[in-house]
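Trainee: Here's my sequence, what's the structure:
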Amino acid sequence: MLFPTTMMVFLLMWIGASPASTGGGIKTSTFAIATLNMLSLAKGKDRMEVFGREIAAISVRRAFAVISLSLIVIGLGIMAISLFEKDKNLMDIGFECFSAYSTVGLSLGITADLANESRLIITAIMFVGRVSMLTIIIAVFRKVKSKNYRYPTEKLTIN
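Mentor: Residues are numbered from 1 along each chain as shown. Next up, the predicted model:
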């Protein structure tokens, strides 16, 4: 495949399937919420509205948490595997990690040649991609009881 084609496949694998399906990835709805939020910010709106409905702020926060955590997991996986597989191309390793996170099953042919450590990392990425890192973090940390107070809000300069 040519480089642009490979990058398009990366993107499509990362976005993955639709919600409530058995496919992995960040899900099409998460990607849509993030994209619509960016458009909403560009238009100067303080809330996100789609098809006559307002998207809840918690959904937007979760979408960006899922996106951030997915990129962290995939990035750490690529770095870890590249430590064990010095002879492998970084593009091939990246393809394997994106494919594993999204449980797609595609490969550029290096899976059989990976060291056992790298295979364990790929397996862990597959598990995290299917369950979602946000779900794992929520399961590990205790829920905070609701508090009857609020701190003053602060607007931070972004960019």
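
Trainee: what are the ranges of the strands in this protein?
Mentor: Taking DSSP state E as the test, the strands found in the chain are 49-50, 53-54.

Trainee: so what strands line up beside the first one?
Mentor: So the one you mean is strand 49-50. Strand partners for strand 49-50, identified by DSSP bridges, are recorded as strand 53-54 (antiparallel).

Trainee: residues making contact with the strand it pairs with?
Mentor: With Cβ atoms under 8 Å, 6 or more residues apart in numbering as the test, strand 53-54 has contacts from Arg47, Met48. (Each C-beta comes from the backbone N, C-alpha and C, glycine too.)

Trainee: Redo the strands of the chain as CSV? Include distance to Asn116.
Mentor: Converted to CSV, the strands of the chain look like this (distance: least, Cβ to Cβ, whole Å):
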stretch, distance to Asn116
strand 49-50, 47
strand 53-54, 49
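
Trainee: Tell me which of those strands sits most buried.
Mentor: Across the strands of the chain, averaging neighbours per residue (mean count of other Cβ atoms under 10 Å) puts strand 49-50 on top, at a mean of 12.

Trainee: which one of the strands of the chain lies closest to Ile81?
Mentor: strand 49-50 (38.3 Å; Cβ to Cβ).

Trainee: what comes into contact with that closest one?
Mentor: Strand 49-50 has contacts (Cβ under 8 Å, 6+ apart) with Leu36, Ser40, Ile55.
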